[in-house]
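Chemist: Turn this into a structure:
(one chain, ligands or ions: 1)
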Amino acid sequence: MATKTDLEIEEITSLQYPKKYFVYLLNDDYTPMDFVVDILMSIFHKTYEEAQNIMLEVHKKERGLCGIYTYEIAETKIRQVIRKAKDNGFPLKATMEEE
Ligand code: TYC
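Modeler: Here you go, the predicted structure:
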């Protein structure tokens, strides 16, 4: 059997394992705690208890992990956070990092 080229190996690997991205919420001084909890429940599908814990972690440590997603889903979640926050007049931001 022919030996696979590096490119073929890379293609197989990347097809089997799409990269994942950590999505973090960032702290700020203006967004209300309840609003952040609502974002975590509505966009990241957390329970009320999970959402409260993540919100408090962000509040104390400046950022907190909301979930791990493929690139497009991570990007969509971040857009949804920023849109909902902006519509309500809050500066809440989210970021993503490769796993
Ligand atoms: N620090 C904000 C406050 O005291 C609450 C907050 C929590 C804001 C988490 C953003 O991602 C955040 N109202």
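Chemist: where along the protein do the strands fall?
Modeler: For the chain, applying DSSP state E gives strands covering 21-26, 63-69, 94-98.
Chemist: Single out the most deeply packed of those strands.
Modeler: strand 21-26 (a mean of 20; mean count of other C-beta atoms under 10 Å). C-beta here means a position set from N, CA and C on the backbone, and glycine is covered the same way.
Chemist: what is the rounded mean pLDDT of that one?
Modeler: Averaged over strand 21-26, pLDDT sits at 98.
Chemist: Just give me the residue right at the centre of this protein.
Modeler: Central residue of the chain (C-alpha atoms, centre = their mean): Val23, 2.1 Å from the mean position.
Chemist: who does that one bridge with?
Modeler: According to DSSP bridges, the partner residues bridging Val23 are Gly67, Met96.
Chemist: Under the pLDDT cut-off, which ranges of the protein? List them.
Modeler: 1 (pLDDT under 70).
Chemist: returning to what we had before: unless I'm mixing things up, the residue nearest to the centre of the chain is touching Gly64, no?
Modeler: No. Between Val23 and Gly64 there is no contact under C-beta atoms under 8 Å: 10.1 Å.
Chemist: Could you report the separation of Ile43 from Ala2?
Modeler: Look at Ile43 and Ala2: by C-beta to C-beta, to the nearest Å, they are 47 Å apart.
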